[in-house]
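Colleague: Just a sequence and a predicted model for now, questions to come.
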Amino acid sequence: MTALLPTLAIAVLAPLAVAAWVAWWGWTRVRTHTRPAWTAVLGCTLLPWAVPPSWPWLRLPLSIFAITLSMHCWTLGHGRPADARAWSSPWHYLLWLLLPPEVHWPRDDDDRARSRHGAMHRGLRALAKAPCIAALVLLEQHVPAVHGDPWTEAFWALWLTWLAGSTIADLGSAVVMAFGVAVDESFASPPLARSPREFWARRWNLIVAGFIARQVFAQVGGRRHPLRATAIAFVGSGVMHELFVILCLGRVPQRLGWMTAFFVLHGAAVMLQMLLDRARTRRRRRRGADARARGRALWPPLAVAAHIAWMGLTAPLFFGPLGEAFAPATTTSGAVVTSPRDGHSKLSAPGSADDVSSSAGSGAKISGSIVGGVLPTGAEGGTVPRTNAGSLPSTRPR
């Protein structure tokens, strides 16, 4: 234990030092407008490197925090938060910087009351998801078939990702909202999405979705060139997720490119839907208003089921690289290896054949998941998220 103290000290103090430096950078940049955003983003990416790769459960949240902190720093360099009162005091600024969703300070007592009521709602919503999370964990522990093939495993991880990620977001935002500060939603019932476009636009990880829509999509064409902007935004999201996996692992993953392939595939699906929607809109305009009632999409339950099947089919591309973040974690100081022949466990020496085979063989087992997100879509073939006042306008499927 004594030998671990220096590592523990670095793991605690280094992230605090980097976070303090980033906070100082942002606060002074607001006053001077002289410091480039990439310097703060670089500082954020150093956070996970303060923790050994053998500690994946600590590197994972630090990597998530590094990505969200980088997004806020980039926003400081190229725009402003949704609520200008983030600059009214250093404490407001720190809350905005450290909390991934956008925050909105109350203007009157009614705003405070609404936020406090919303805090109770989100807390109850988080409690309602807890039994589902426990059921998924128990299923993984008692049903080996969960990890029998990549699709079953990824489908299990997909549900665990949404339930765990949204529960953490609900609990964190509920604490802040209890003090009368409004916090944007992070998820909007992703399993109810009827199409890839709706999933990425209006339901999944609205934090990352809004950032990419404002800082990537709108900057490379937006509604003027929606197909080009959508393609670039999805590729950019894939690259960002590749970086996230590298931060979690502390090295280049064996499945490098899988994340990018996942987002390229989903970007192509969204672009295809954009083209079909555009063609359908043109036909309606030619035929007149009477044709609109006959131009509806799939029956909603069937559309939801089809989209869930699509997500399950492509999910291994997303979760495959993440499995590497957890498999080799126990191999640096000795690993518990279960023999496939007799089912008994034994402690392997670091670097031994059993240790190496255990690391490689368990790479397929995910044992954890991550909240990802990409790009939303808007009307008329564009790709625009549901955002707050002062940002890009919200659009709903028509």
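Modeller: Cool, got the structure.

Colleague: Quick check: closest non-adjacent residue to Phe263.
Modeller: Once flanking residues are discounted, Phe263 sits nearest to Gly238: 3.6 Å by C-beta to C-beta, 6 or more residues apart in numbering. Using the backbone N, CA and C atoms, a C-beta is placed for each residue, glycine as well.

Colleague: Wait, that neighbour touches Leu265, no?
Modeller: No - at 9.6 Å, Gly238 does not count as touching Leu265 under the criterion of C-beta atoms under 8 Å.

Colleague: Settle it for me: which of the two has more neighbours?
Modeller: Taking other C-beta atoms under 10 Å, Gly238 and Leu265 do not tie; Gly238 has more neighbours (25 against 17).

Colleague: who's in contact with that one?
Modeller: Counting by C-beta atoms under 8 Å, 6 or more residues apart in numbering, Gly238 makes contact with Met259, Thr260, Ala261, Phe262, Phe263, Val264.

Colleague: Tell me which entries of those lie within strands.
Modeller: With DSSP state E as the criterion, strands contain none of the contacts of Gly238.

Colleague: got CSV for those, with neighbour count too?
Modeller: Formatted as CSV, the contacts of Gly238 follow (neighbours: other C-beta atoms under 10 Å):
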residue, neighbour count
Met259, 26
Thr260, 19
Ala261, 15
Phe262, 24
Phe263, 26
Val264, 17
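
Colleague: okay if I get the residues you listed as TSV plus distance to Arg283?
Modeller: Shown next, in TSV, are the contacts of Gly238 (distance: C-beta to C-beta, whole Å):
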residue	distance to Arg283
Met259	37
Thr260	35
Ala261	33
Phe262	32
Phe263	30
Val264	29
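
Colleague: biggest helix in this structure by residues?
Modeller: Longest helix in the chain, counting residues (DSSP state H): helix 109-142.

Colleague: State the next helix or strand along the chain beyond it.
Modeller: Note on helix 109-142: by DSSP states H and E, the next helix or strand toward the C-terminus is helix 150-177.

Colleague: what sits against Thr45?
Modeller: Ala66, Ser70, Leu243, Leu247.

Colleague: ok, back up a step: show me the contacts of Gly238 that map onto helices.
Modeller: Here DSSP H is the test, and these give Met259, Thr260, Ala261, Phe262, Phe263, Val264 as lying in helices.

Colleague: ok, the residue nearest to the second one when sequence neighbours are not counted to Pro301 distance?
Modeller: With C-beta to C-beta, 6+ apart as the criterion, Thr260 has its nearest non-adjacent residue at 3.5 Å, and that residue is Gly238. As defined by C-beta to C-beta, to the nearest Å, Gly238 lies at a distance of 31 Å from Pro301.

Colleague: Repeat that for Ala261.
Modeller: Distance from Ala261 to Pro301, counting by C-beta to C-beta: 30 Å.

Colleague: The longest helix of the chain: how far from the chain's middle?
Modeller: 18 Å (C-alpha atoms, centre = their mean, to the nearest Å).

Colleague: same deal with stretch 70-90?
Modeller: That offset, for stretch 70-90, works out to 20 Å (C-alpha atoms, centre = their mean).

Colleague: So which bits of it are buried?
Modeller: Going by neighbour count (16 or more other C-beta atoms under 10 Å), the buried part of stretch 70-90 is Ser70, Met71, His72, Cys73, Trp74, Thr75, Leu76, Gly77, Pro81, Ala82, Asp83, Ala86.

Colleague: low pLDDT regions in the protein?
Modeller: Counting by pLDDT under 70, the chain has low-confidence residues at 1-35, 289-297, 326-398.

Colleague: Now do the helices for it: every range, in order, please.
Modeller: Using DSSP H, helices in the chain cover 5-32, 37-45, 56-78, 90-98, 109-142, 150-177, 196-198, 206-215, 226-249, 258-287, 300-323, 353-361.

Colleague: list the helices and strands the fourth one packs on?
Modeller: To tie it back to what came earlier, the one meant is helix 90-98. helix 5-32, helix 56-78 (3 or more C-beta pairs under 8 Å, 6 or more residues apart in numbering; DSSP states H and E).

Colleague: And the helices of the chain: which comes nearest Phe187?
Modeller: helix 150-177 (4.4 Å; C-beta to C-beta).

Colleague: Can you spell out which helices and strands pack onto the closest one?
Modeller: With contacts taken as 3+ C-beta pairs under 8 Å, 6+ apart, helix 150-177 sits against helix 109-142, strand 182-183, helix 300-323.

Colleague: Of the ones you listed, which stretch is the most buried?
Modeller: strand 182-183 (a mean of 22; mean count of other C-beta atoms under 10 Å).

Colleague: So in that sheet, which strands flank that one, and in what orientation?
Modeller: Paired strands of strand 182-183, with direction, are strand 103-104 (antiparallel) (DSSP bridges).

Colleague: now the partner strand, how far from the centre of its chain.
Modeller: Centre to centre, stretch against its chain (C-alpha atoms, centre = their mean), the figure for strand 103-104 is 20 Å.

Colleague: which residues does Val103 contact?
Modeller: With the criterion set at C-beta under 8 Å, 6+ apart, Val103 makes contact with Asp83, Ala86, Leu95, Trp96, Val176, Val181, Ala182, Val183, Asp184.

Colleague: pretty sure the last one contacts Glu102?
Modeller: Same thing as Asp184. Yes - in this structure Asp184 lies within contact range of Glu102 using C-beta under 8 Å: 4.6 Å.

Colleague: higher neighbour count, those two?
Modeller: Set Asp184 next to Glu102 and count neighbours by other C-beta under 10 Å: Glu102 wins out with 22 against 19.
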